[in-house]
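A.B. asks: I would like to see how this sequence folds:
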Amino acid sequence: MQTPLKIAIVGSGLVGSLLAIYLKKAGHTVHVYDRSPDIRKVNFSGRSINLAMSNRGWRALDDMGLGDAIREIAIPMDKRAIHTVGQPLNYLYYGKEGESIYSLSRGVLNRKMVTLAEEAGAEFFFDTRVWDVTMATATLHTGETEQGAWDERKYDIVFGADGAFSRVRHRMQRQNMFNYSQEFLNTGYKELHIPANEDGTHKLDMNSFHIWPRGEFMLIAMPNLDGTFTCTLFMPFTGENSFESLKDRETLEAFFLKYFPSTTDVMPDLVEDFFKNPTSTLVTMKCYPWTFEDKVALIGDACHAIVPFYGHGMNAGFEDITILSQLMEQYGDDWKTIFSEYQESRKPNADAIAELSYRNFMEMSSDTANPDFILRKKIEKRFSEKYPDKWLPLYSRVTFSHRPYAEALALGDRQKAIMDEVMLTDGLAEKWDSPEVDGKILELLEG
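C.D. replies: Numbers count the residues shown, from 1 in each chain. Modelled structure (predicted):
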């Protein structure tokens with residue numbers, strides 16, 4: 001236990017709520033502020049991508065004894081289901097037998113996390129706008145409007161867990177030597193859905209992550225407990241096949257009939273969903289430093305927002321908390337050292353998962369429909385099962401291990417170069433599981 005402090009967390013999302021539980025368990029007084037209403041009292045829909053919990057996220061929850069409560073609202077997905085026009089459905093398993101990522105509704109999980117944080121003793125202040133932070137004294141300035149009167153709320157430490165457009169980070173950006181960048185994709189997303197069957201069952205395989213890869217655009221679907229699927233359409237804002245081009249019912253229905261014919265029978269509310277739900281943006285945000293002395297720290301999307309194509313935004317944010325907690329145990333009350341080590345440890349890994357996430361858009365939207373990609377995955381899977389000490393596929397290294405993201409990126413690049421060479425082998429499709437191919441990989445690994 002540390003010396004008890006009075007700590008404020010700005011942001012009651014997934015990372016803010018879990019951080020509140022960790023800090024309460026460490027003996028601190030914790031107040032969580034959010035400009036929005038209590039998520040448990042509002043209808044949460046229209047701009048969400050379902051979450052994919054993997055090993056890094058589960059570790060952060062299990063360390064607090066919360067994993068089992070969250071597993072009750074999660075659905076395991078052990079494979080991708082690839083929907084290609086004119087081809088049979090193709091399944092690609094993620095890892096070894098028994099390894100799955102878990103689909104979670106963002107709204108359902110966030111409500112659960114807020115309740116668990118309250119039960120742990122954290123106090124929440126909803127509908128409370130934080131306009132500024134005096135960093136030297138860890139003082140929040142709250143008020144009804146930005147120009148109106150503000151209240152001062154003094155703390156020992158302030159954490160900014162308030163997302164990609166963080167108000168706390170906005171304040172930190174005004175200091176000297178603060179580096180910041182944001183990059184929007186020309187690809188946006190829109191939430192759609194597949195309703196349950198009349199008996200409450202799922203219309204598609206419930207233990208698969210469904211992908212309709214179409215090059216510059218794609219559709220995904222992830223299962224929910226109530227038999228529905230949350231679907232997300234990713235496509236460019238402008239151009240031939242874009243959100244801009246889908247102006248009316250006729251164009252939309254013709255587009256889906258052409259590119260996503262297998263969805264026409266399972267998405268009866270397509271038109272209503274499409275024109276009701278907003279088109280949202282995708283941004284990668286990087287900054288440094290993440291902390292100010294022993295007073296203020298950023299965590300999660302507030303310091304490393306990433307695009308969602310590896311499903312690791314939440315997992316990376318939860319891992320921030322795991323590392324922070326380990327440093328709290330190691331350094332006790334020395335918050336200056338805790339914060340310094342935290343940002344130095346996490347920054348390279350945050351940059352690595354940002355790069356991996358950006359690259360994975362191409363894998364999901366294009367490569368998964370390519371026979372060569374499917375063959376490559378089969379070879380990698382077989383080789384890693386035969387030589388587990390010599391090869392762990394990149395996806396497994398990111399998703400089913402706790403090794404640093406930066407290590408996964410570097411080793412993944414080396415493995416890609418090896419597989420690029422293996423894929424040039426004559427007649428590979430006929431002898432992909434032969435001693436010759438094994439020998440070639442082993443030889444290249446030695447080189």
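A.B. asks: quick one: neighbours of residue 87, just the number.
C.D. replies: Residue 87 has 10 neighbours, counted by other Cβ atoms under 10 Å. Glycine gets a C-beta too; all of them are placed from N, C-alpha and C.
A.B. asks: regarding it, what is its secondary structure?
C.D. replies: coil (DSSP: H, G, I helix; E, B strand; the rest coil).
A.B. asks: list phi and psi for it.
C.D. replies: Torsion angles at residue 87 (phi, psi; degrees, to the nearest 10) stand at phi -120, psi 150.
A.B. asks: the one 4 residues further on now?
C.D. replies: Reported as degrees, to the nearest 10, the phi and psi values for residue 91 are phi -110, psi 130.
A.B. asks: not counting its neighbours along the chain, what's nearest it?
C.D. replies: Setting aside the residues directly before and after it, residue 91 is nearest to residue 79 in space (Cβ to Cβ, 6 or more residues apart in numbering), at 4.8 Å.
A.B. asks: surely that neighbour meets residue 206?
C.D. replies: No - the pair residue 79 / residue 206 is not scored as a contact, 11.6 Å apart, by Cβ atoms under 8 Å.
A.B. asks: residue contacts, the residue nearest to residue 91?
C.D. replies: Contacts for residue 79 were tallied using Cβ atoms under 8 Å, 6 or more residues apart in numbering; they are 91, 92, 93, 94, 207, 208, 209.
A.B. asks: quick one, what contacts the first one?
C.D. replies: The contact partners of residue 91, taken as Cβ under 8 Å, 6+ apart, are 79, 80, 81, 82, 208.
A.B. asks: so which of these are in strands?
C.D. replies: 79, 80, 81, 82, 208 (DSSP state E).
A.B. asks: how far away is residue 102 from residue 314?
C.D. replies: 11 Å (Cβ to Cβ, to the nearest Å).
A.B. asks: can you check residue 118 too?
C.D. replies: Residue 118 is 20 Å from residue 314, by Cβ to Cβ.
A.B. asks: partners of residue 152 in the sheet?
C.D. replies: Counting by DSSP bridges, residue 152 is bridged to residue 141.
A.B. asks: wait, doesn't it sit right on residue 140?
C.D. replies: Yes - the criterion here is Cβ under 8 Å, and residue 152 meets it with residue 140 at 7.5 Å.
A.B. asks: when these two are compared, which one has more neighbours?
C.D. replies: The neighbour comparison of residue 152 against residue 140 (other Cβ under 10 Å) goes to residue 140, with 24 against 11.
A.B. asks: and for the residue lying closest to that one once chain neighbours are set aside, the neighbour number?
C.D. replies: Leaving out its chain neighbours, the residue that sits closest to residue 140 by Cβ to Cβ, 6+ apart is residue 153, at 4.4 Å. Other residues lying near residue 153 total 19 when counted by other Cβ under 10 Å.
A.B. asks: what of residue 251?
C.D. replies: 11.
A.B. asks: quick one: residues contacting the residue nearest to it when sequence neighbours are not counted.
C.D. replies: Distance criterion Cβ to Cβ, 6+ apart; nearest residue to residue 251, sequence neighbours excluded, is residue 245 at 7.0 Å. By Cβ under 8 Å, 6+ apart, the contact list for residue 245 reads 239, 251, 255.
A.B. asks: give me that answer again for 10 Å
C.D. replies: Residue 245 is in contact with 235, 236, 237, 238, 239, 251, 252, 255, counting by Cβ atoms under 10 Å, 6 or more residues apart in numbering.
A.B. asks: take these and keep only those in strands.
C.D. replies: Going by DSSP E, the strands hold 235, 236 from those.
A.B. asks: quick one, strands of the stretch 101-250 of the chain?
C.D. replies: Assignment of strands within the stretch 101-250 of the chain using DSSP state E, counting those that start in this stretch yields the ranges 101-104, 123-125, 130-134, 139-142, 151-154, 157-160, 179-184, 187-194, 208-213, 218-223, 229-236.
A.B. asks: a markdown table for the ones you listed, including distance to residue 260?
C.D. replies: Listed next are the strands of the stretch 101-250 of the chain as a markdown table, based on distance: least, Cβ to Cβ, whole Å:
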| stretch | distance to residue 260 |
| --- | --- |
| strand 101-104 | 20 |
| strand 123-125 | 41 |
| strand 130-134 | 42 |
| strand 139-142 | 46 |
| strand 151-154 | 50 |
| strand 157-160 | 39 |
| strand 179-184 | 25 |
| strand 187-194 | 10 |
| strand 208-213 | 5 |
| strand 218-223 | 6 |
| strand 229-236 | 9 |
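A.B. asks: so which of these is nearest residue 325?
C.D. replies: Checking these against residue 325 by Cβ to Cβ gives strand 157-160 as the closest, at 12.8 Å.
A.B. asks: the stretch 251-400 of the chain: helices as residue ranges?
C.D. replies: 270-276, 301-304, 313-331, 335-365, 371-386, 394-399 (DSSP state H, counting those that start in this stretch).
A.B. asks: partners of the residue nearest to residue 91 in the sheet?
C.D. replies: Beta-bridge partners of residue 79, as defined by DSSP bridges: residue 93, residue 208.
A.B. asks: give me every residue that touches residue 434.
C.D. replies: So residue 434 contacts 425, 427, 428, 440 (Cβ under 10 Å, 6+ apart).
A.B. asks: need the pLDDT of it.
C.D. replies: pLDDT, residue 434: 94.
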